[in-house]
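Colleague: turn this into a structure:
(2 chains)
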Amino acid sequence: MKLFPFTNVLLVGGEGLRTNDPVIRKIKFSFYNENILRGEYMSNQTVLDIKELSKVYKGEKYKVEALKDISFQLYQGEMVAIMGTSGSGKSTLLNILGALDEPTTGSIKVNGNYSKEMFQEPQASLYRRDNIGFIFQSFHLLKDLTVEENIALPLILKGVKETLTTSKVNQVMELMGLTEWKSHRPIQLSGGQQQRVAIGRAIITEPPIILADEPTGNLDFNTSVDILNALVDTKTRLKQSILLVTHDPYVATYADRVLFFHDGHIVDEYKCNTHNDLEYILEKFKLITKRQVV
Amino acid sequence: MKSLKGLAFRLFRTNKFIVLSSILSIAIAAMLTLSMVLFSFNAQSTLKHELKQMYGDMDLSVGFNIDQSKVVSPSLIEQISQNKNVEQLSRVSITHVTLDKINSSTYTAGVENSDLAKSRYHFKHFLNHDSIAMNKGLAKTLHAKVGDKVSIQGHSFTLVETINDLDATGIAPDMILMNQKTAKEYKRLNEHVHADATYLLIKAKKGTNVLTLSNQIKSYDKDLRIDVAEQDPFVKSNLQSLQVFVIVLSFLVLIVTSLLIISNFELLLYKMKNQFAIMRSLGATTKQISQLIFTQSVIINLSGICMGLLGTFLSQKYVYGWANSLRFLHLQHSFI
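Modeller: From the prediction side, this is the model:
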């Protein structure tokens, strides 16, 4: 279920907000009462410096420009939401930033360092291991492992000692409220709990960057709010930077900044700091989707 | 789960059926391969046994053809016995003697009381100047039993042993075995031939190439006729059949087992692709993924091979025996 159920209405028909609807009122209420520590833990230190990034997929009879000269910075402790329609290049960007795909042109500086080989193995794996935590829409947990084992996986891959792994896993499970579910398998958990496990797994190595691809896409409203709060909370505690891809304007309001993507470009940028964030994001998103529909 | 190995074990649980079928395919492959190897060894040992039955310990027989005027001389015997590749040598004199009771000329081999001659002609008792042995068929014709007297050209011999009829071996059906010196005398008397022996039985030293030895012996006299036991047409044709059989069967086994193994492993890797992709996103290196696959392959292969060994052992012990008892399967004789 979508966190903001009218997004689809906007996408297709552009009917606008039906503010008398009890659900939207609940969203607004929730939003205005949110105690988000927006920007408080942000520093001027650039974690990711992306310059003129472009990605072209070429085939024998086709050429698709998924990203066109994308440039922006992600600061330490900042949460940036990327909004855009399907095919606007959001996921491509996330794949490139996670070194799962290679850009055609452009550069990425991580903590001020640029490495030409960061997309080659084994540097790509080591980069992911040390810098990136992934959170996916469909959780991508290993179904045969328990909650405890799923969270411990990045540490096992990193070769961390067993005693340290155990204590860290316990800390993270405590933080995510999963201690009583530690021996359960993912299939025995609710969607929200599974996403908590995924977040726990993403933050256990305390990576400086979290890449989240529609983390609330498969969750109901209340669970989504829980997950977003958990994300903001861990971001604040660990001074992490989060790059969050979403279709949902309400989710975007949790970010410090919103980047609007369209057709491989960044078409707009918005800093969330007012009570009108949701309206602005909605209107902007409406414009972008209309542009696509037209 | 504390390490990559532990992780490899845990991931097996997700794909129980494919892991099991992979183990089974390896087990079948191991069973087929082992059965092939055992079958080859069994056939070879059967062939060796047949060869031993036919020729005893003899590797070569050396003599001259009847149409040649040459005979085996003491000097030739001395020369051959001096060859470093010859372990044992035994004289044989072939003649025909007349059995008084049936007044018939009978094929007679005069043999020394050596182990080599005993193994070649399958007799056990010592043959002195007054004792003979004969095949059971001839003894039956003469109504003679062991211990009876048999008259040969006016001289009485004691029958000390009867030997099995060596049918289908190329040897004359009726045969008398007597002391080599006595036979030599009969040959001189009946055929007026003064020969130390008609031919020589030779046992080569272990590890000697009999063809090389036969060439060496041939160099002593180019007219010598040398028969090599291993080159017996009967044995050779059996060996060729066995080789063709083993090659064809090996090829089939190879194809079947390869297909089984490849398809199972492909399916397993396909199923695990998603899990490996998740691990890659968590920072697993190619080396770590390879290590996981390697560990899983080792477990599957080892389990499969152990199961295959056990299966082969059990089938050899019970199934083959049972099949043999039903006379359905006669592996040992099917190709000989």
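
Colleague: separation between B:Leu24 and B:Val256?
Modeller: 13 Å (Cβ to Cβ, to the nearest Å). All C-beta spots, glycine's among them, are computed from the backbone N, C-alpha and C.

Colleague: neighbour-wise, which of these two wins?
Modeller: Using other Cβ atoms under 10 Å in any protein chain shown as the criterion, B:Leu24 and B:Val256 rank with B:Leu24 on top: 18 against 14.

Colleague: quick one: residues contacting the more buried one.
Modeller: B:Gly304, B:Met307 (Cβ atoms under 8 Å, 6 or more residues apart in numbering or on different chains).

Colleague: spell out which parts of the stretch 1-150 of chain A neighbour chain B.
Modeller: For the stretch 1-150 of chain A, the residues in contact with chain B (Cβ under 8 Å from any Cβ of the partner chain) are A:98, A:100, A:121-122, A:125-126, A:128-130, A:132, A:134, A:140-145, A:149.

Colleague: which of these fall in helices?
Modeller: Of the residues of the stretch 1-150 of chain A next to chain B, the ones assigned to helices by DSSP state H are A:Ser125, A:Leu126, A:Arg128, A:Arg129, A:Asp130, A:Glu149.

Colleague: please list only the buried members of the residues you listed.
Modeller: Among those, those scoring as buried are A:Ser125, A:Arg128, A:Arg129, A:Glu149 (criterion: 16 or more other Cβ atoms under 10 Å in any protein chain shown).

Colleague: output the below-cut-off pLDDT ranges for the chain.
Modeller: By default, I'm working from chain A. A:1-42, A:274-275, A:291-294 (pLDDT under 70).

Colleague: wrong one, chain B
Modeller: In chain B (pLDDT under 70), the answer is B:1, B:14, B:166-172, B:323-336.

Colleague: do you have the strands of the chain handy? List them.
Modeller: Here I'm looking at chain A. A:46-58, A:63-75, A:79-84, A:105-110, A:113-114, A:132-135, A:209-213, A:241-246, A:257-262, A:265-271 (DSSP state E).

Colleague: wrong one, chain B
Modeller: Counting by DSSP E, the segments of chain B that form strands are B:60-63, B:86-99, B:104-111, B:131-135, B:149-152, B:155-163, B:176-179, B:199-204, B:225-228.

Colleague: of all these, which one comes closest to A:Gly159?
Modeller: strand B:199-204 (63.6 Å; Cβ to Cβ).

Colleague: for the strands of chain A, give me CSV that also has distance to B:Ser250.
Modeller: Output for the strands of chain A, formatted as CSV (distance: least, Cβ to Cβ, whole Å):
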stretch, distance to B:Ser250
strand A:46-58, 48
strand A:63-75, 52
strand A:79-84, 61
strand A:105-110, 56
strand A:113-114, 58
strand A:132-135, 50
strand A:209-213, 53
strand A:241-246, 57
strand A:257-262, 62
strand A:265-271, 64
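
Colleague: tell me the residues of the stretch 151-294 of chain A that contact chain B?
Modeller: So the stretch 151-294 of chain A meets chain B at A:Ala152, A:Leu153, A:Pro154, A:Ile156, A:Leu157, A:Lys158, A:Glu162, A:Thr165, A:Arg201, A:Thr205 (Cβ under 8 Å from any Cβ).

Colleague: contacting residues around the fourth one?
Modeller: If I follow you right, that is A:Ile156. Counting by Cβ under 8 Å, 6+ apart, A:Ile156 touches A:Thr165, B:Met1, B:Lys2, B:Ser3, B:Leu4, B:Leu7.

Colleague: one more pass at 7 Å, please.
Modeller: Shown in contact with A:Ile156 (Cβ atoms under 7 Å, 6 or more residues apart in numbering or on different chains): A:Thr165, B:Ser3, B:Leu4, B:Leu7.

Colleague: and it, how far from A:Leu164?
Modeller: Where A:Leu164 is concerned, A:Ile156 sits at a distance of 11 Å (Cβ to Cβ).

Colleague: now do the first one
Modeller: Taking Cβ to Cβ as the criterion, A:Ala152 is separated from A:Leu164 by 11 Å.

Colleague: more crowded one of the two?
Modeller: For A:Ala152 and A:Leu164, the more surrounded residue by other Cβ under 10 Å is A:Ala152, and the numbers stand at 26 against 10.

Colleague: skipping its backbone neighbours, what lies nearest that one in space?
Modeller: Excluding the flanking residues, the one nearest A:Ala152 by Cβ to Cβ, 6 or more residues apart in numbering or on different chains is A:Val169, at 4.8 Å.

Colleague: can I get the strands of chain A in JSON lines with mean neighbour count?
Modeller: Output for the strands of chain A, formatted as JSON lines (neighbours: other Cβ atoms under 10 Å in any protein chain shown):
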{"stretch": "strand A:46-58", "mean neighbour count": "17"}
{"stretch": "strand A:63-75", "mean neighbour count": "17"}
{"stretch": "strand A:79-84", "mean neighbour count": "25"}
{"stretch": "strand A:105-110", "mean neighbour count": "16"}
{"stretch": "strand A:113-114", "mean neighbour count": "10"}
{"stretch": "strand A:132-135", "mean neighbour count": "25"}
{"stretch": "strand A:209-213", "mean neighbour count": "24"}
{"stretch": "strand A:241-246", "mean neighbour count": "26"}
{"stretch": "strand A:257-262", "mean neighbour count": "22"}
{"stretch": "strand A:265-271", "mean neighbour count": "16"}
